[in-house]
Every structure is written in structure tokens, then in C-alpha cells.
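*Asks:* My questions concern the predicted model and sequence given below.
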Amino acid sequence: MRLLIVEDEAYLAKLLRRGFVEEGYLVDVVDDGAKALAAAVSVPYDAAVLDVMLPDLDGFQVCERLRRSDCQVPILMLTARDTVTDRIRGLDAGADDYLCKPFSFAELCARIRALTRRKGTAVQAPVQLRAGRLRLDPLSRRVWSGSSEVYLSQKEFVLLELLMRYPDEVLTRSRILDHVWGFRYPVTSNVVEQYIRSLRRKLGSDLIVTVRGMGYRMPAAPS
Ligand code: CA
């Protein structure tokens, strides 16, 4: 699952990123409205957490513009005050849910889960990712190789999802660390290598290509 977080307070943004990464999401963080608009129209996020107080456009404006440009990503707004006016403004702008600061991370997480579930049960079927014989369902978190299901740990799953979302693209170790582990590991750690090894063991050694000195790449159609 891919999540966009729009928050300009660096400390809170970092906490949210770490929290959602630990929950197994692929997380992108941006710190202003313009970047949020650019990111949300170019990447098919499963949900967005949008702070109202931003330096340029406020969260309401970002939300309105996204809806006007026909972007249907489920949006949860973070509002500073629990006033009826703010809530109504957010929902009018096209937000799906809202939460007042300060909030508990557990509640935010539960609401994001609810939003992505709702999206998954909508008319449009959830998108499955494919690469050669591999098939991955981000919503149910299941993976198949051919017709047999493969059982992965949470981190293995997130790493595989990341690779499959960027077929034929070289992902550097630091980008992988950032997305899959958040800030917990130093770049010198060999945790990425360990997990690539275990994915290869479970899925076949031809699926992930090592690009020496750069990182890893998943061919769109493994040979
Ligand atoms: Ca803010």
C-alpha cells in the first residue's frame, strides 16, 4: 500500500513516516501543497494524510484541486481545531475523513486502514501488481508465483511490493532502506542484502537483478 503524507512539521512528518513504514506501508512525505499536488497526480497512492496548515496552499485547497483534477485518492485531513466549520470545510473540499491534532497514531492508522478497505471494495477492483510469473495483491497482502501462493514476512512483502511498483528501474539501497525500514537502519547495514537473498530463495533467483554498485532492479518480465 502506498501512502502520501503531506505535513510541513518535520518532526511530526518523521514520526508519521516511521510509524506507517513499521505498519508495512510504502510512504512518501512532502512538505507543501504544490509538492502534494504534483505527487498525488503522478503516483497512484492508496491513501493520503493531508495536514490543513501548510506553508503555501492550505490542505483544503490541495484537497479541492485534487478532486477537481479527478484524483480520487482517499484523503484523511489533519485539522488543528475540532470545530464544526473545519470539519464541514474539509468534507466539502472532498476529504473522506478527518482527525484532530493531537491524535493517537493507532487511531490514525485504523482510519487509514478503513479508508483503503473502502476503496478496495468499490466498483473498481484493487490493482494487482504483476512481474512475469509473480502476482502481488497489495490489499490482501498476498503473493503468488504462478498458481502457488508464497508466504512472505511483512518486510519481505513491502520490499517486493516496492520493487514491483518500479519495474525495470534501479532502486538504490538507500531508497530501499528509506521506504522499507524508515530511519531505523544506517545505510551501512546489510539488511537490504539479507532480505533480497531471502526473497530470491522464496521466489527464484532470476527475479531480482543486482545492478553492481547501484542497487537492485526487478525486470518487468523475468527470463
Ligand atoms: Ca502543518
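*Replies:* Structure's in. What do you need?

*Asks:* Against the ion - does stretch 36-45 have any residue that ends up touching it?
*Replies:* No - if you take CB under 5 Å from the ion as the test, stretch 36-45 misses the ion, and the best it gets is 11.7 Å. (C-beta placed from N, C-alpha, C; glycine too.)

*Asks:* unless I'm mixing things up, Leu177 is touching Val192, no?
*Replies:* Yes - with contact defined as CB atoms under 8 Å, Leu177 counts as touching Val192 (6.2 Å).

*Asks:* who's more crowded, the two?
*Replies:* The neighbour comparison of Leu177 against Val192 (other CB atoms under 10 Å) goes to Val192, with 22 against 18.

*Asks:* Give me the buried positions along the helix or strand hosting the more buried one.
*Replies:* For Val192, the host element (DSSP states H and E) is helix 191-203. Buried residues in helix 191-203, counting neighbours by 16 or more other CB atoms under 10 Å, are found at 191-192, 195-196, 199, 202-203.

*Asks:* what's the lowest-mean-pLDDT helix or strand in the chain in contact with?
*Replies:* Using mean pLDDT, DSSP states H and E, helix 84-92 stands out as the lowest-scoring helix or strand of the chain, at a mean of 79. Here helix 84-92 makes contact (CB atoms under 8 Å, 6 or more residues apart in numbering) with 52, 59-60, 63, 77, 79-80, 98.

*Asks:* List the neighbouring strands of whatever helix or strand comes next after the helix holding Val192 plus their orientation.
*Replies:* Using DSSP H and E, the helix or strand that follows helix 191-203 in sequence is strand 209-211. In the sheet, strand 209-211 lines up against strand 215-217 (antiparallel) (DSSP bridges).

*Asks:* Can you name the residues in contact with the partner strand?
*Replies:* For strand 215-217, the external contacting residues (CB under 8 Å, 6+ apart) are 163, 168-173, 175-176, 192, 196, 208-211.

*Asks:* Now for those, which sits with the most neighbours around it?
*Replies:* In those, the most neighbours by other CB under 10 Å go to Leu163, 25 neighbours.

*Asks:* What sits closest to that one if chain neighbours are left out?
*Replies:* Excluding the flanking residues, the one nearest Leu163 by CB to CB, 6 or more residues apart in numbering is Met218, at 4.1 Å.

*Asks:* any idea how far the one you found is from the ion?
*Replies:* Using CB to the ion, to the nearest Å, we find Met218 at a distance of 36 Å from the ion.

*Asks:* And Leu129, by the same measure?
*Replies:* 33 Å.

*Asks:* How about that residue: which residues does it bridge to?
*Replies:* Beta-bridge partners, per DSSP bridges, of Leu129: Leu136.
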